[in-house]
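**Q** Here is my input; please provide its structure:
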Amino acid sequence: MIKRLISLLFLAWVLGFAWFALLLPLPAGDQTTDAIVVLTGGPGRIDRGLELLEAGRAKRLLISGVAREVKPKELAAEYKRPQKLFDCCVALGFEAEDTRSNATEVASWVARRNYKSIRLVTTDWHMRRAEYELGRAMDKKVTILPDAVRSQPSFSTLFREYHKYLVGLAGGLLGL
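**A** Predicted coordinates:
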């Protein structure tokens, strides 16, 4: 009986990992949301968020997880965008250090502005965990539109992220 249970759990783990690794989330379409949220930590994320903002997909952009020493003027120069775009429409979040604290920071920002929908921009391999953590932290009435930045993740990146995702799911089930 124990061997069968272990075999069943192993099979579920293998199938879950195959789903996670082979069916990575994709970029979203042209939908408009109240705001765009970018989680720092991977190439292409901030560029994608700024492109969407400039295309009118939302009126405001939050970049969550920015290092405290970074200034909007520096980001505008680095990403070759006008300073007035940052002045009017880009907020920098300095509180987050990991995905769970990103979720807390984003949830607070969204609630203060009474937004009903956000476009979440992060890397494809990170999207499932990020969307799950944001969904846990925010009001259930807020719609999250996942918008994945395509990447070529290594096996080790997928392996690590799958296990972080499982730990997050387990924590949610246990109320942690």
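**Q** Break down the protein into its helices, ranges please.
**A** 2-22, 45-54, 72-78, 83-89, 99-113, 124-137, 155-173 (DSSP state H).
**Q** between those, which gets nearest to residue 147?
**A** helix 45-54 (7.1 Å; C-beta to C-beta). Where you see a C-beta, it was placed from the backbone N, CA and C, and this is true even at glycine.
**Q** Give me the contacts around that closest one.
**A** With contact meaning C-beta atoms under 8 Å, 6 or more residues apart in numbering, helix 45-54 is reached by 27, 36-40, 58, 60-61, 63, 75, 79, 81, 85, 89-90, 119, 121-123, 147, 149.
**Q** Could you tell me which of these count as buried?
**A** Neighbour counting by 16 or more other C-beta atoms under 10 Å classes 36-40, 58, 60-61, 63, 75, 81, 85, 89-90, 119, 121-123, 147, 149 among those as buried.
**Q** Among those residues, which ones are in strands?
**A** 36-39, 60-61, 63, 90, 119, 121-123, 147, 149 (DSSP state E).
**Q** coming back round to it: okay if I get the helices of the chain as a markdown table plus mean pLDDT and distance to residue 143?
**A** A markdown table is the format used below for the helices of the chain (pLDDT from 0 to 100; distance: least, C-beta to C-beta, whole Å):
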| stretch | mean pLDDT | distance to residue 143 |
| --- | --- | --- |
| helix 2-22 | 94 | 23 |
| helix 45-54 | 97 | 16 |
| helix 72-78 | 92 | 27 |
| helix 83-89 | 94 | 20 |
| helix 99-113 | 96 | 11 |
| helix 124-137 | 96 | 10 |
| helix 155-173 | 92 | 19 |
